[in-house]
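A.B. asks: Requesting a structural model of the entry that follows:
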Amino acid sequence: MEPASTSQTATPAANPSDPDATAARRGFFFALAAYLLWGVMPLYMKAVAHIPALEVLAHRIVWSVPVAGVLLLVLGRTADIRAALRSPRILGMATLTATIIAANWGVYVWAISVERTVETALGYYINPLVTVVMGAVLLGEKLSRPQLIAVGLAALAVAVLTYEAGGLPWISLFLAITFAIYGYLRKTLPIGPSQGFFLEVLVLLLPALAYIAWAGATGRGHFVEAGTDGMALLMLAGPFTAVPLILYAFGAKLLRLSTIGIMQYIGPTLIASIAVFVFGEPFGPLRILAFALIWSALALYTWSMFFGRGKAATAGR
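C.D. replies: Numbering: from 1, shown residues only. From the prediction side, this is the model:
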């Protein structure tokens, strides 16, 4: 997804019948639905927490293929996939991005299963700031003063969490960094978001099927053994993975980057709330301090976007 301009100017009140206003409303609801689904996903992941993370990951991949495939058929974009499959360059790039996002998914699933959901929320809060740093390092983009302060506050939050845990918050950092790298590389893939997602899960399909078959053959699998309800639960991994990504892709195309930039905090806010108030994960004074630093950093970052003092990029999860 190509980032939109971050600059904003005063505009007259939108006419409800204005096609641009209608498109923006549609985009808002697409994006809102995506972030709400991402926000409540820990509830689903907790329901399958008794299943090894690798097996859940394999089912996320396998059952995403039909969901994404049906969408491409409806949109009539299957020709893009046929062309991509004939291009070694596109296939190589898709394999790389697929591997990175699969690693991100796997750690996310595992973290929730071992009651470290708060750390996943922090990772997705940090992600926009990691993206800003990547833009400066890899693309030579200059950071504005508010963005530099925001990055400094995020670094201080990581230091606080390192002290609190006695080691780096590697789950948060891994999720933030892999998602930022994925977003950066995904933008270089010369194919649309829906087609790109289908291509990625298609590349991962054979390894995922092989793992599920091996797990079943060695008595480690949970698909057939789980009965009808368990099978249905694992099959839901596909829609939970594919649907929010697809909704996000459609929403992002219709919204300003600044709008998406603010909305992206809905997901981790819900995740953190569920972790603390539903799962009962610890949230002591040092974690509160770290999150306060992150929220302050994000407020500065968002302010800099609204006033056009820097560029930021977001990508689908």
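A.B. asks: thinking Met41 is in contact with Ala237, fair?
C.D. replies: No. Under the criterion of Cβ atoms under 8 Å, Met41 makes no contact with Ala237, lying 10.1 Å away. (Glycine included, C-beta is placed from N, CA and C.)
A.B. asks: Pick out whichever of the two has more residues nearby.
C.D. replies: Shown here are Met41 and Ala237; by other Cβ atoms under 10 Å, Ala237 has more neighbours (25 against 22).
A.B. asks: Is it correct that that one is in contact with Ala53?
C.D. replies: No. With contacts counted by Cβ under 8 Å, Ala237 stays clear of Ala53, the gap being 11.6 Å.
A.B. asks: what about the helices in the protein?
C.D. replies: Ranges of helices in the chain, per DSSP state H, are 19-47, 53-75, 78-85, 88-113, 117-139, 145-165, 170-186, 193-217, 227-235, 237-254, 257-263, 266-273, 285-306.
A.B. asks: ok, of these, where does mean pLDDT dip lowest?
C.D. replies: Here those differ in mean pLDDT, and the lowest is helix 257-263 at a mean of 71.
A.B. asks: sorry, back to before: will you turn the helices of the chain into CSV that also has distance to Phe279?
C.D. replies: Shown next, in CSV, are the helices of the chain (distance: least, Cβ to Cβ, whole Å):
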stretch, distance to Phe279
helix 19-47, 7
helix 53-75, 17
helix 78-85, 39
helix 88-113, 8
helix 117-139, 6
helix 145-165, 18
helix 170-186, 15
helix 193-217, 27
helix 227-235, 18
helix 237-254, 18
helix 257-263, 24
helix 266-273, 10
helix 285-306, 14
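A.B. asks: ok, back up a step: who touches both of Met41 and Ala237?
C.D. replies: Common contacts of Met41 and Ala237 (Cβ atoms under 8 Å, 6 or more residues apart in numbering): none found.
A.B. asks: how many neighbours does the residue nearest to Leu205 when sequence neighbours are not counted have?
C.D. replies: Using Cβ to Cβ, 6 or more residues apart in numbering and skipping residues adjacent in sequence, the residue nearest Leu205 is Val65, 5.7 Å away. Residue neighbour count, defined by other Cβ under 10 Å, stands at 18 for Val65.
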